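*Asks:* Return a 3D structure for these sequence lines:
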Amino acid sequence: MTTSFGASSSVIPTDSKIQIQSYNGLRSSHSLALTRNLRVFPVPYSGRSSVVRAVSTPIKPQTETKRSKVEIIKEQSNYIRYPLNEELLTDAPNINESATQLIKFHGSYQQYNRDERGGRSYSFMLRTKNPCGKVSNQLYLTMDDLADQFGIGTLRLTTRQTFQLHGVLKKDLKTVMGSIIRSMGSTLGACGDLNRNVLAPAAPLVRKDYLFAQETAENIAALLTPQSGFYYDMWVDGEKFMTAESPEVVKARNDNSHGTNFPDSPEPIYGTQFLPRKFKIAVTVPTDNSVDILTNDIGVVVVSDENGEPQGFNLYVGGGMGRTHRLESTFPRLGEPLGYVPKEDILYAVKAIVVTQRENGRRDDRKYSRLKYLVHSWGIKKFRSAVEQYYGRKFEPFRELPEWEFKSYLGWHEQGDGNLFCGLHVDSGRIAGKMKKTLREIIEKYNLSMRITPNQNIILCDIRKAWKRPITTTLAQAGLLLPRFVDPLNVTAMACPAFPLCPLAITEAERGIPDILKRVRAVFEKVGLKYNESVVIRVTGCPNGCARPYMAELGLVGDGPNSYQIWLGGTPNQTSIARTFMNKVKVQDLEKVVEPLLYNWKQKRLTKEESFGDFSNRMGFEKLQELVDKWDGLIKGTSRYNLKLFADKETYEAVDDLAKLQNKTAHQLAIEVIRNFVASQQNGKSEN
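*Replies:* Residues are numbered from 1 along each chain as shown. Just a heads-up that it's a prediction; the model follows:
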């Protein structure tokens, strides 16, 4: 008995001994033909086909090294097919361990409901891949239908500008996947050890730099899309549903001038092993940090001339959020500048970085397999030198950039072409109930496309000005309000899904954050902070950091049942990484930490503009810990006029000590001092 993998695939036996070519390392096959120690000389750019670059490919010894179990599963999978293809045909509600690893590459995770006891109800989460967060009218309506027919009735927007569809049963996977593909959507590479969704500012602004950033993001996504056909073989029987690729993408993918490719391989860039771990890329324009640019493996920033014409790109490398509790050798990390490339070279530069990670990233221990650990262990100079050998030229110096700003794009805005766009806040990215029904009505009625933002919100695009009033009214009736009616704390807050379906969750995130935000708002009011003041709060149910809590001013990272690590020190524009402040803070004790911190921020900040994150970093964690440890709550006035005589605990304690010497209360002594002072002023006296 044999099983076919699709029209373009080979046929392999289904018994336990499958014939797969043995693993021979990841060294490019032609590297031996190159001279090893040639120097790199900068050359004028005159088109890639006409320039000869004297650069060698790094030679790696052909020694068998220890590899993780996942590496072996990938190697033996016939390019991410086996045994997933067979597991999908069984009557069991779940799939085995190897297939569970492989289905990630297809954009799905196997899950079970952790709220249930006495058994496991298996289902699958599907994640789409939407470069720049772009979602066509047809695709949105399809996803809305699938959520009702095959999911749990809700759609979720992710922090990487994609949809997540929860609760799909194994028997329905092919139907759901096929529906997404036929609606010109995709889940290919939304999970797994390869390039994930490429971020870009979601705003549909008709501006050269924004349009160029979005086009670049789409080209990078196409460049790094798997080519071996496993996705279409599995879900639509080998039929291809693809838009035409730009010639620049095809040329860059096929170029092997510097040993980046596996010749004659179905996967010229990825090979049989793909990447050591997930890989994340974001593209943006100067000042716009809606994409959390420094948290990505590669950050790409458009650089334009004084006339607004894009000229090239600054590149950051080595950002990443994931870590493991109580393992200090794992850590979140900010990307750092690599260099500048002219615009016609961007695909080659990105490919060179990806290949450097492919060849050198750790494959023995997945905790250390992200690019950030390679950059950290090598240092940026060594990493840059290695990338340049695959790139074929030196990087130019990093161009100076202005300060970053977080942009939410909520509310109504001009697109620049006569139409409007409208940004809608969605709490934790969860589209459900009346909101879901109303969004569908509007998107269907006005034939709108939409975009998903990296902050889990929605942008409705291409709205005629005459439609603004009726759309605003309809949205408001469904609770989708203009930004001025949304609590500022909610505008910047994010949470991962966590319980009940994520198998990695330690505690609540999405289900817990509404109450957490209400309690923080109550503390704001208690300590006298104004309603329009805010802090960036992000909550995750485990240390993997899907909601990027390590960039928050106040990050809550699940570290036990109903318990969080508290991280402080991120900034509103997401350019400073937070640090661990406290461990094992029970959710019911949150105010014991938050109240003294926010009170002292209000009292001791240098200016009204000093953010909570900047204040935390300036004060230092030792001082902040002291303030928390000594906090006994706010001192309330006791007079019949409810006068608040003491602004802080230290002043109260000092006056109280003096009052005890006179057998009085602190309040009595303070009133007496004030009365004497007022009397002296009225009598024209001056007392020291």
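*Asks:* make it CA atoms for all contacts and neighbour counts henceforth
*Replies:* OK.
*Asks:* Can you report how many residues lie near K208?
*Replies:* 12 (other Cα atoms under 10 Å).
*Asks:* Isn't it up against P310?
*Replies:* Yes: between K208 and P310 there is a contact under Cα atoms under 8 Å: 7.3 Å.
*Asks:* Could you chop the chain up by domain?
*Replies:* 70-200+204-391, 411-486, 491-630, 649-681 (the TED database).
*Asks:* Mean pLDDT for those domains - can I get that in a markdown table?
*Replies:* Output for these, formatted as a markdown table (pLDDT from 0 to 100):
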| stretch | mean pLDDT |
| --- | --- |
| domain 70-200+204-391 | 97 |
| domain 411-486 | 96 |
| domain 491-630 | 97 |
| domain 649-681 | 73 |
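*Asks:* Please enumerate the strands of the stretch 301-450 of the chain.
*Replies:* Using DSSP state E, counting those that start in this stretch, the strands found in the stretch 301-450 of the chain span residues 310-317, 336-342, 411-414, 420-424, 430-431, 450-452.
*Asks:* okay, these, which one's buried deepest?
*Replies:* strand 450-452 (a mean of 27; mean count of other Cα atoms under 10 Å).
*Asks:* Counting by contacts, list what that strand packs against.
*Replies:* Applying 3 or more Cα pairs under 8 Å, 6 or more residues apart in numbering; DSSP states H and E, one finds that strand 450-452 contacts strand 134-135, strand 458-463.
*Asks:* any idea which of these is most buried?
*Replies:* Note that of these, strand 134-135 is the most buried (mean count of other Cα under 10 Å), with a mean of 24.
*Asks:* by contact count, what packs against that one?
*Replies:* For strand 134-135, the packing partners by 3+ Cα pairs under 8 Å, 6+ apart are strand 450-452.
*Asks:* Excluding its own residues, what touches the strand it packs on? List them.
*Replies:* Residues outside strand 450-452 that contact it (Cα atoms under 8 Å, 6 or more residues apart in numbering) are 132-137, 140, 157, 161-162, 202-203, 458-461.
*Asks:* ok, so of those, who is nearest I298?
*Replies:* Using Cα to Cα, C132 comes nearest to I298 of these, at 15.1 Å.
*Asks:* how about the nearest residue to V236 once chain neighbours are set aside, secondary structure?
*Replies:* Leaving out its chain neighbours, the residue that sits closest to V236 by Cα to Cα, 6 or more residues apart in numbering is G178, at 5.8 Å. State at G178, reduced to three classes by DSSP: H, G, I helix; E, B strand; the rest coil: helix.
*Asks:* ok, so what distance separates G178 from C191?
*Replies:* 18 Å (Cα to Cα, to the nearest Å).
*Asks:* Neighbour count: those two, which is higher?
*Replies:* The neighbour comparison of G178 against C191 (other Cα under 10 Å) goes to C191, with 26 against 18.
*Asks:* Just name the closest of the contacts of strand 450-452 to C542, please.
*Replies:* L157 (18.9 Å).
*Asks:* From R67, how far out is the closest residue to R253 other than its chain neighbours?
*Replies:* Closest residue to R253 apart from its sequence neighbours, by Cα to Cα, 6+ apart: L223 at 5.9 Å. Counting by Cα to Cα, the gap from L223 to R67 is 27 Å.
*Asks:* Quick one: mean pLDDT over stretch 396-403.
*Replies:* For stretch 396-403, mean pLDDT is 98.
*Asks:* quick one: it to chain centroid distance?
*Replies:* Stretch 396-403 has its C-alpha centroid displaced from the chain centroid by 23 Å (Cα atoms, centre = their mean, to the nearest Å).
*Asks:* circling back to that earlier point, which one's more surrounded, L223 and R67?
*Replies:* Higher neighbour count among L223 and R67: L223, with 25 against 13, using other Cα under 10 Å.
*Asks:* Surely A252 touches L347?
*Replies:* Yes: counting by Cα under 8 Å, A252 sits close enough to L347 to count as a contact (6.3 Å).
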